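Asks: what's the 3D shape of this:
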Amino acid sequence: MPDPSILAVLLLSAFVHGAFGFGFPLVATPLLALMMDLRGAILLTLIPTICINLVSILGEKHRAEALRLFWPIPVFTMVGSLIGTQVLLSVDAEPFRLLLALVLVAYLIAERLHGVERERTVPNWGLALLGLCLGLLAGVVNIFAPVIIVFALYTRMRPELMVAAFNLSFITSKSGQLLTFTVNGALDMTIIAQALWALPLILGVLWIGIR
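Replies: Model prediction:
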């Protein structure tokens, strides 16, 4: 059973994700990083994030259209997450706390930006580059919301497509992280057990947030 404060963070993050369509790692990671090391915080959120985003995607009516139009993003997000997670596991993770803080500041700034007046089309190579950047950020600090916001504002991406496309990207990035942790023998089964214990409660609160 996870510590009550850790469980409270996970449940709060699940509710936010359910209500807004994304945000579980954005809320959970910085708060958990105050209570544990960054690698542990990322590992604790891996399985819940994959499950949460699977539930979110299954409820998205526009997931097929989002995948058809923006498929390079989730594909290259997985590539970036494999690289970023390997970096996280290969070097001292403490300096990445500063990067995490900078990403949160960037998120607050990005939310105040204004988009263009009409929709813009980005070529597939640009979508692939975006996905790679998202994956690198996901692998190192578990958050890529600022990049999502800037991209959505720049392209005037339809909100329903944005939520579907980036929930797909969350799934691929977390799958890449989980694979890299496994290959490197870095899975802490105590943390995994805590995540699995909390998972039914997390999914229940996610449902409340969706409602």
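Asks: for the protein, which helix or strand comes out least confident on mean pLDDT?
Replies: Lowest by mean pLDDT, DSSP states H and E among the helices and strands of the chain is helix 96-110, with a mean of 71.
Asks: packing partners of that helix?
Replies: Helices and strands touching helix 96-110, by 3 or more CB pairs under 8 Å, 6 or more residues apart in numbering; DSSP states H and E, are helix 24-33, helix 38-58, helix 124-141, helix 145-155. C-beta here means a position set from N, CA and C on the backbone, and glycine is covered the same way.
Asks: nearest to S5, of the ones you listed?
Replies: Closest to S5 of the helices and strands packed on helix 96-110 is helix 24-33 (CB to CB; 9.0 Å).
Asks: could I get the average pLDDT for that closest one?
Replies: Mean pLDDT, helix 24-33: 87.
Asks: which residues touch it?
Replies: 6, 9-10, 12-14, 16-17, 40-42, 44-45, 48-49, 52-53, 97, 100-101, 104, 107, 138, 141-143, 145, 170 (CB atoms under 8 Å, 6 or more residues apart in numbering).
Asks: at 7 Å instead, please
Replies: For helix 24-33, contacts defined as CB atoms under 7 Å, 6 or more residues apart in numbering pick out 6, 9-10, 12-14, 16-17, 41-42, 44-45, 48-49, 52, 97, 100, 104, 142-143, 145.
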